[in-house]
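Peer 1: Sharing a sequence plus its predicted fold:
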Amino acid sequence: MNYKNLVKKATEAQKYSHAPYSSLRVGAALLTSSGKIYTGCNIENSSFSLTICAERTAIFNAISNGERKFKAIAINSDKIDFIPPCGACRQVLMDLAGDVDVVLSDKKGKISITKLSILLPASFNNLIFKPKK
Ligand code: THU
């Protein structure tokens, strides 16, 4: 699958980043199984630990719009090449999106694709703890 458009959407999502403390703008774009794309950016808070990453903004955006099946997430930033999701985002994504493709890109448009299960092996997820329907 060609993720060029997904990477473009992640890049565009950086526009809305609220990052007055780190000045690092991060964008994420999540592709559903039906082909829709939901985006997110990082949103920082003066109480630093309440900051939310772009990846979690994107998955919460999708879930809150009724989506439940996902294919891939693209992430990029304005300063760091191939910005990988932080540990908290890996856990949240595995729980809610499953073992999706993770598409990282640099500013030259180079793309690196891995799987979430490579970034978060032997994860604690709903295969172990099944949520009630
Ligand atoms: N950040 C993300 O949005 N995603 C990541 O995977 C790593 C970090 C954000 C959080 C914070 O606003 C800034 O980058 C610096 O950590």
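Peer 2: Yep, that arrived.

Peer 1: Report the residue spans of this structure with pLDDT below the cut-off.
Peer 2: Across the chain, the ranges flagged by pLDDT under 70 are 1, 126-133.

Peer 1: which parts of it sit against the ligand?
Peer 2: 19, 22, 24, 26, 42, 44, 51, 53-55, 83, 85-86, 89 (Cβ under 6 Å from any ligand atom). All C-beta atoms are positioned from the backbone trio N, CA, C, and that covers glycine.

Peer 1: Write a ChimeraX command that selects only the buried members of those residues.
Peer 2: What follows is the ChimeraX syntax selecting those of the residues of the chain next to the ligand that are buried according to 16 or more other Cβ atoms under 10 Å:
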select :19,24,26,42,44,51,53,54,55,83,85,89
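
Peer 1: Dump the residues of the chain next to the ligand to TSV, plus distance to Gly98 and secondary structure.
Peer 2: Converted to TSV, these look like this (distance: Cβ to Cβ, whole Å; DSSP: H, G, I helix; E, B strand; the rest coil):
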residue	distance to Gly98	secondary structure
Ala19	28	coil
Ser22	29	coil
Leu24	27	coil
Val26	22	strand
Asn42	23	coil
Glu44	28	coil
Thr51	25	coil
Cys53	18	coil
Ala54	19	helix
Glu55	14	helix
Ile83	21	coil
Pro85	14	coil
Cys86	18	coil
Cys89	14	helix
